[in-house]
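# Got a predicted structure plus its sequence, pasted below:
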Amino acid sequence: MKKVVIIGSGFSAIASACYMAKAGYSVQVLEKNEQLGGRASMLEIDGFKFDMGPSWYWMPDIFERFFSDFGKKVSDYYELKKLSPGYRVVFGKDDYIDISDEPEKIIAKFEEVEPGSGKHLRKFMEDSRKNYQIAMKDLVYNPGKSLLELVSLETATRLNLFVQNISQTVRKNIKNPKLQSILEFPVLFLGAKPQNTPAFYNFMNHADFGLGTWYPKGGFNAVALGMVKLAKELGVQFLVDQEVTHIETLNNKATKVITKTETFEADLVISGADYAHTEKLLKPEQKNYPEEYWKKKVFAPSSFLYYVAFDKKVPELQHHNLFFDTDFGLHAVEIYDEPKLPTKPLFYANFSSKTDHDLCPEGKEIGFFLIPVAVDLEDNQEIHDRYFELIMDRVEKNIGVDLRDSVIFKKSFGVQDFKERYNSCRGNAYGLANTLLQTSILRPSISNKKIKNLFYTGQLTVPGPGVPPALISGKVVTDYIIQHQNKIF
């Protein structure tokens, strides 16, 4: 039986492990850190449990599709609840819009805010639904090996959507700035400014309005562990505290994966670790891309993250809350165009204990706060503390409650932490942005061009950033390997 060694245990790596095991390979997964799940690990302190990374569960069909490939259902591994409302967008003091879990109610809300916008939103939603179907059927499950993967009858009739950007299509008929920001917000999951994201990617609006926002009981860590459980049922072996130091090769083939403590024989290697970091495990002449390549790429943002325990409930906010009470344009410039610490950043506040009471002691609350920031920023605890005060100021200003006196403890996580814990290239939190020039074949290749049995999966290759794309990435790389196994071995 051929031995496959997979580096990392994030979503793409676990997915790859499952598919390779199903195909009859012997699979070992090596995780650098102390627990499985990659960025979906869990921080637990004094009975307070925090998802350290992903917190938005969108595109439930992709998760179902993954488990169905193994004759299973999501419900076999974790419990899902649809959130109602899906989330709240805060624009100022006592000024917010709750996004319903029902499309017709969302249309009605738009019409209430801007008379006449309802009919435009209905058409926009229908277009986004069609684009979603095309994307999931024809595009995102391709390996990024040829531009012909992008060509179909459906995409040919939508070429204009690859030339136009999201902002142009949104702002053509919707004039209210608040409604514009709500429609442009989902592409932030793709890691780029709406002005730089092809209009075709409005399929993310179907993920939002059409499919809704869900919550997996136990958080995203429960999703990762559910996938690990499936992988173990398929015979996959997982090892933690195994930081890979280099990949040994012979005659242009990977033969061993070396960690700080052990050596693992391999007939094939798949890396779900950071792509740029994986290349550092090779000799310079074996890399797909030089260091300069990564410096020129457009990365999705990094983040300042805060995990906060409160000694009381916070009824004034929802499970998911977006604070859009400042200028998004300025914040975007400070992330992408003129990278620096943000002046007046937008931020996200998550209180998942409103939905899941098992995440903290009774009568308490957990808060997870996120500020998107540019990659490669220098950061330190003083900066983290300063921005936490900014968050608390803005929460107090907008909902009239000062949460500072209710803080039991807080932990922060920043750009440098992404580099150290996840070996994240330039400290990115989400991967490479999905701009037109970083789509499909224009993304880093899933295969090493010099080592024929070394492959890559995850947010820096196809199809892109986000948890559902990570599941897809795991399937894409293993489908490609299985299809070409006669040439690989």
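Cool, the structure landed. A quick note: this is a predicted structure, and the numbers were derived from the prediction, not measured. Residues are numbered from 1 along each chain as shown.

# If you rank every helix and strand of this protein by mean pLDDT, what lands last?
Using mean pLDDT, DSSP states H and E, the weakest-scoring helix or strand in the chain turns out to be helix 153-156, at a mean of 72.

# Just the residues contacting the helix or strand that comes right after it, thanks.
As assigned by DSSP states H and E, the chain's next helix or strand after helix 153-156 is helix 160-163. Contact partners of helix 160-163, identified using Cβ atoms under 8 Å, 6 or more residues apart in numbering, comprise 131, 169, 198-200, 202, 436. C-beta: built from backbone N, CA, C; applies to glycine.

# So which of the residues you listed sit within helices?
Counting by DSSP state H, the part of those found in helices is 131, 169.

# Columns neighbour count, distance to L330 and pLDDT on top of the contacts of helix 160-163, output as JSON lines?
Formatted as JSON lines, the contacts of helix 160-163 follow (neighbours: other Cβ atoms under 10 Å; distance: Cβ to Cβ, whole Å; pLDDT from 0 to 100):
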{"residue": "N131", "neighbour count": "23", "distance to L330": "29", "pLDDT": "93"}
{"residue": "T169", "neighbour count": "23", "distance to L330": "23", "pLDDT": "93"}
{"residue": "P198", "neighbour count": "22", "distance to L330": "24", "pLDDT": "88"}
{"residue": "A199", "neighbour count": "23", "distance to L330": "23", "pLDDT": "88"}
{"residue": "F200", "neighbour count": "26", "distance to L330": "27", "pLDDT": "88"}
{"residue": "N202", "neighbour count": "27", "distance to L330": "24", "pLDDT": "92"}
{"residue": "L436", "neighbour count": "16", "distance to L330": "24", "pLDDT": "84"}
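
# does N434 count as helix, strand or coil?
Three-state call for N434 (DSSP: H, G, I helix; E, B strand; the rest coil): coil.

# Distance-wise, check it relative to V333.
Distance of N434 to V333, given as Cβ to Cβ, to the nearest Å: 19 Å.

# Same check on K297?
Counting by Cβ to Cβ, the gap from K297 to V333 is 19 Å.

# mind checking the end-to-end distance for stretch 433-452?
Stretch 433-452 has its terminal residues 27 Å apart, counting by Cα to Cα, to the nearest Å.

# List the buried residues for that stretch?
Judged by neighbour count (16 or more other Cβ atoms under 10 Å), stretch 433-452 contains these buried residues: 433-436, 438-440, 443-448, 451-452.

# if we can go back for a sec, which one of the contacts of helix 160-163 is nearest P103?
N202 (14.7 Å; Cβ to Cβ).

# what's near enough to touch that closest one?
Listed by Cβ under 8 Å, 6+ apart, the contact set of N202 reads 124, 127-128, 131, 161, 166, 169-170, 187.

# For the residues you listed, which two are the farthest from each other?
D127 and V187, at 14.7 Å, using Cβ to Cβ across those.

# which residues touch the helix or strand harbouring M227?
Here M227, judged by DSSP H and E, is contained in helix 220-233. With Cβ under 8 Å, 6+ apart as the test, helix 220-233 has contacts from 9-11, 14-15, 17-18, 21, 27, 29, 36-38, 40-42, 51-55, 57, 63, 66-67, 70, 72, 74, 77-78, 216, 218, 238, 467.

# is I7 in a bridge, and if so with what?
Per DSSP bridges, the residues bridged to I7 are L30, S271.

# Which residues are in contact with it?
So I7 contacts 13, 30, 244, 257, 269-273, 278 (Cβ under 8 Å, 6+ apart).
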